[in-house]
Structure formats: C-alpha cells, structure tokens
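Novice: fold the following for me, if possible:
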Amino acid sequence: MRNRRAVIITTCVLVAVVGAMAAYGAWRVLSAAPEEVSLDAAVASVEEEQASNDTVEKVADSADAADALSTDGVWYVDTESGSFSFEEASGSFIGFRVKEELAKIGDITAVGRTDQVEGELSIQNGQLVSAAITADLSTIVTNDSRRDNAARSAMNARENPIASFVLDEPVDLPETDGSQIAVQALGQLTVNGISKAVVFELEAKAVARSIVVVGQAEVTFADYDVAVPSARIVVSAEDHGLVEFQLLFVRR
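Specialist: Numbering: from 1, shown residues only. Predicted coordinates:
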C-alpha cells in the first residue's frame with residue numbers, strides 16, 4: 001500500500017512539473033512579441049546599414065538628408081534594403097497587434113507581420129499629396145507558426161489577400177532641418193475587400209537618400225468582417241487592435 005501511494009504521489013508530482021514546464025514554454029513562445037514600431041529603432045537600423053557605404057556616397061547622402069522630406073517627387077517603398085523576420089525587421093513591413101488572454105498563461109500580445117509590401121507616395125510643394133500602399137496578407141507570419149494559418153483565415157486572406165491604404169487628402173509637412181516630423185494621415189484602409197476611413201499617426205525622418213516612415217492606427221476587426229481567431233487555449237481576445245507599419249522610401 002505504501003509503495004502504491006508513493007507511486008501515485010510521484011506520478012502526480014511529475015504531471016504537475018511537466019504541465020508547468022509546458023505552460024512556461026508556451027508562455028515563452030507566445031509572449032515573445034516584438035516591440036511596437038519605433039521611428040528611432042527604424043532609423044538606427046537604416047543608419048547602421050548605410051554605414052557600410054563608401055565615403056563618397058556618405059557625403060552625398062548627408063547633404064541630401066535634410067532636404068529629402070521637402071523634395072518634390074515620387075518616392076517608392078524600398079523592398080531591397082534591410083532584412084525581415086518576425087523577431088526583428090529592419091526593412092519595410094506592415095502588421096497588426098491584438099491583445100489576448102490565454103488559459104493558464106495570461107495576457108499576451110499576438111502580432112502578425114509581412115514584408116510583402118509595395119507602394120509609393122508623392123510630395124509636392126511641402127505637402128504629401130498622395131500615397132498608396134498595398135500588402136499581401138496571405139504572407140502574414142506570427143509569433144507561432146501554428147497561429148499563422150488562423151490569422152490568415154481570420155482575415156479571409158485566401159479570397160482577399162491584398163490590403164491597402166490610400167490617402168484621402170493632402171497632408172501639410174512641417175519644415176525640417178533633418179529632424180523627425182509627426183503628422184496625421186486620413187485615408188481609406190481596405191481589408192477583406194472592405195474599405196473604411198482611418199487616421200494613421202505617422203512619424204517620419206529623412207536618412208541619407210531614404211525617407212523612413214512608421215505609423216499606427218487602431219481598428220475594429222468587425223468593421224472588416226474579420227473574425228477574431230478562437231481556440232481552446234484562448235480565453236478572450238479583443239475585437240480591436242493596432243495596424244502598424246515601418247516603411248522605407250527611396251527614389252528610382
């Protein structure tokens with residue numbers, strides 16, 4: 001009887017330990033979300049990459065930097081500079097952030113991102129007069145590969161893979177000597193084939209011959225017929241979250 005009791009107790013302890021380790025491991029994986037987009041971080045990444053350029057190019061770049069945000073012309077999303085992974089992205093990408101509560105784990109932030117982005121903006125006479133950006137949501141990756149398909153399915157990315165933002169009205173750009181600027185941009189955000197007016201909070205800075213832009217806007221998923229993914233482990237998930245992006249623009 002004593003041996004049997006010892007076996008039962010030992011088994012219970014092992015189950016508890018294994019369960020705790022599994023929960024901790026899941027928490028480590030699911031809570032490993034990257035930080036929100038940051039202009040300072042994006043600029044630092046661009047400057048680090050450009051530091052490898054030769055001296056002649058650096059001199060020319062530094063001369064152009066202060067004027068880049070006030071230079072008339074068309075600028076295109078740079079799809080070649082920087083690198084992209086879920087954990088760290090120094091190039092152009094768009095994504096989302098939503099808060100969830102998981103059973104036995106607690107609150108986490110679910111994040112999805114893709115670097116499959118295209119688009120352009122036009123600056124004329126000190127104004128951002130147009131901007132059009134598209135992203136392929138069928139390539140969204142998250143902080144857990146098991147979550148990728150659920151996120152894509154929730155956004156109906158199979159039928160409507162392309163999301164877009166188109167500027168509705170010109171935006172006055174403040175004068176700058178090379179320092180960063182902050183503006184709001186009103187436009188039409190289209191997800192799952194549905195367009196809604198959204199205001200993005202933008203920050204931008206000229207770095208050498210590039211313009212670095214980061215932005216965020218809060219959206220309600222139901223507005224786009226986007227279903228919040230559900231699973232046994234998900235106790236609750238907010239029906240709103242952030243759309244965020246980090247974009248590098250260059251001339252061609």
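
Novice: hmm, residue 108 and residue 147 touching each other?
Specialist: No: counting by CB atoms under 8 Å, no contact exists between residue 147 and residue 108, whose distance comes to 10.8 Å. From N, CA and C alone the C-beta is placed, and that goes for glycine too.

Novice: roughly how far out does stretch 115-134 sit from the chain middle?
Specialist: Relative to the chain's own centre, stretch 115-134 is displaced by 18 Å; criterion: CA atoms, centre = their mean, to the nearest Å.

Novice: buried ones in that stretch?
Specialist: By 16 or more other CB atoms under 10 Å, the buried positions in stretch 115-134 come out as 115-117, 119, 121-123, 128, 130-134.

Novice: ditto for stretch 244-252
Specialist: Neighbour count says stretch 244-252 has 244-250 buried, by 16+ other CB under 10 Å.

Novice: now do it: everything it contacts.
Specialist: 36-37, 42, 46, 73-78, 81-82, 89, 91-97, 117, 119-121, 133, 209-216 (CB atoms under 8 Å, 6 or more residues apart in numbering).

Novice: ok, now with 6 Å
Specialist: Stretch 244-252 is contacted from outside by 37, 42, 75-78, 81, 92-95, 210-216, using CB atoms under 6 Å, 6 or more residues apart in numbering.

Novice: pull the CA atoms of it into PDB?
Specialist: Extracted C-alpha coordinates of stretch 244-252, given in PDB (Å, rounded to 0.1, in the frame of the first residue of the first chain):
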ATOM      1  CA  GLU A 244       1.200  49.200 -37.800                       C
ATOM      2  CA  PHE A 245       3.900  49.700 -40.400                       C
ATOM      3  CA  GLN A 246       7.500  50.500 -40.900                       C
ATOM      4  CA  LEU A 247       8.300  51.700 -44.500                       C
ATOM      5  CA  LEU A 248      11.400  52.900 -46.200                       C
ATOM      6  CA  PHE A 249      11.000  55.000 -49.300                       C
ATOM      7  CA  VAL A 250      13.600  55.800 -52.000                       C
ATOM      8  CA  ARG A 251      13.600  57.400 -55.400                       C
ATOM      9  CA  ARG A 252      14.100  55.400 -58.500                       C
END
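
Novice: does the nearest residue to residue 80 once chain neighbours are set aside count as helix, strand or coil?
Specialist: Spatial nearest neighbour of residue 80, chain neighbours left out: residue 91 (7.9 Å); criterion: CB to CB, 6 or more residues apart in numbering. Following DSSP: H, G, I helix; E, B strand; the rest coil, residue 91 is assigned to coil.

Novice: residue 91 touches residue 84, doesn't it?
Specialist: Yes: checked against CB atoms under 6 Å, the pair residue 91 and residue 84 is within contact range at 5.3 Å.

Novice: just flag the most distant two among the buried residues of stretch 115-134.
Specialist: Spanning the widest gap among those are 116 and 123, at 24.8 Å by CB to CB.

Novice: show me where the protein has its helices.
Specialist: Using DSSP state H, the helices of the chain run over 2-30, 39-50, 55-65, 145-154.

Novice: weakest of the ones you listed by average pLDDT?
Specialist: In terms of mean pLDDT, the lowest-scoring of the helices of the chain is helix 2-30 (a mean of 38).

Novice: per-residue pLDDT, the spatially most central residue of the chain?
Specialist: The centroid of the chain falls nearest to residue 95 when counting by CA atoms, centre = their mean (3.3 Å). On pLDDT, residue 95 comes in at 95.

Novice: how about it, what does it touch?
Specialist: 112-113, 244.

Novice: quickly list what it is bridged to.
Specialist: residue 113, residue 244 (DSSP bridges).

Novice: against residue 137, how distant is it?
Specialist: According to CB to CB, to the nearest Å, residue 95 and residue 137 sit 10 Å apart.
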